[in-house]
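Asker: structure for this input, please:
(one chain, ligands or ions: 2)
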Amino acid sequence: MRIFAALIAGIATWSLLEYTIHRWLGHDPRFIRNPFGVEHTAHHSRGNYFAPAWKKALAAGGALLLLSWLATMFVGPRAGIAYSIGLVGFYLYYEGTHYFEHIHPGLTGWGRWLRRHHFHHHFHDPRSNHGVTSPLWDYAFGTIARPGMIAVPRKLAMDWLIDPDTGALRNEHAGQYRLR
Ligand SMILES: [Zn+2]
Ligand SMILES: [Zn+2]
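Answerer: Residues are numbered from 1 along each chain as shown. Ligands and ions are numbered 1, 2, ... in the order given. Down below sits the predicted model:
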């Protein structure tokens with residue numbers, strides 16, 4: 001039970017970190033000149049740009065070592081390791097989810113909803129919808145915005161939105177997205 005609770009705590013920690021890092025280190029003008037902020041600005045302005053994997057691995061590996069060491073000190077090695085697995089596992093899930101949102105239209109209704117949540121953040125209001133794996137903390141902190149028709153700049157459009165033969169918006173997305 002303790003092990004399971006530690007695992008869930010690790011997942012919850014990443015979920016909150018995802019929101020916190022994105023909102024304050026990625027978008028708050030007071031703190032934006034940090035390595036994450038610089039990479040994140042490029043992610044917004046260049047369309048399908050993602051920070052190099054080695055930078056992420058370095059930052060994530062360092063944070064992981066520090067957090068597992070701290071967790072082990074406080075709750076012992078077994079729960080400490082479970083906590084770290086929850087945190088790192090959910091971090092990797094976040095990286096995968098975010099990347100997949102940009103390169104694939106989504107497999108489920110939930111996946112398509114998450115994309116609208118995220119692309120509203122990208123193309124309408126970067127001060128809202130900071131959560132990438134869920135809208136949980138956007139509700140908690142009052143930054144949730146309900147996406148309407150999402151107007152995507154043509155040069156930043158995701159490949160899955162465009163029909164490669166005609167260069168126009170794919171029909172199946174016409175009710176939810178448009179190009180500008
Ligand atoms: Zn994104
Ligand atoms: Zn952002």
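
Asker: could you pull out the helices for this structure?
Answerer: 2-20, 26-27, 35-45, 53-75, 77-103, 109-123, 136-141 (DSSP state H).

Asker: run a quick neighbour tally on the residue lying closest to residue 95 once chain neighbours are set aside.
Answerer: Nearest residue to residue 95, sequence neighbours excluded (CB to CB, 6 or more residues apart in numbering): residue 56, at 6.9 Å. For every residue, glycine as well, the C-beta is placed using N, CA and C. Residues lying near residue 56 (other CB atoms under 10 Å) number 15.

Asker: pLDDT score assigned to residue 56?
Answerer: At residue 56, the model reports a pLDDT of 87.

Asker: now it: how far from residue 80?
Answerer: For residue 56, the distance to residue 80 (CB to CB, to the nearest Å) stands at 23 Å.

Asker: with residue 69 instead?
Answerer: Distance from residue 69 to residue 80, by CB to CB: 8 Å.

Asker: between those two, which one's more packed in?
Answerer: Taking neighbours as other CB under 10 Å, residue 69 and residue 80 compare with residue 80 leading, 20 against 12.

Asker: ok so, going back, looking at the helices of the chain, which is closest to residue 170?
Answerer: Comparison of the helices of the chain against residue 170 by CB to CB identifies helix 109-123 as nearest, at 13.0 Å.

Asker: which elements pack onto the closest one?
Answerer: helix 77-103, strand 150-152 (3 or more CB pairs under 8 Å, 6 or more residues apart in numbering; DSSP states H and E).

Asker: try 10 Å this time
Answerer: Applying 3 or more CB pairs under 10 Å, 6 or more residues apart in numbering; DSSP states H and E, we find helix 109-123 packed against helix 35-45, helix 77-103, strand 150-152, strand 177-179.

Asker: mind listing what's buried along the longest one?
Answerer: By that I understand helix 77-103. Neighbour counts over helix 77-103 (16 or more other CB atoms under 10 Å) mark 79-88, 90-91, 94-95, 97-98, 101-102 as buried.

Asker: same question for stretch 2-11.
Answerer: Across stretch 2-11, burial judged by 16+ other CB under 10 Å covers 6-7, 9-11.

Asker: tell me the average confidence for it?
Answerer: On average, stretch 2-11 scores 94.

Asker: now the chain, which segments are flagged as low pLDDT?
Answerer: Within the chain, no stretch has pLDDT under 70.
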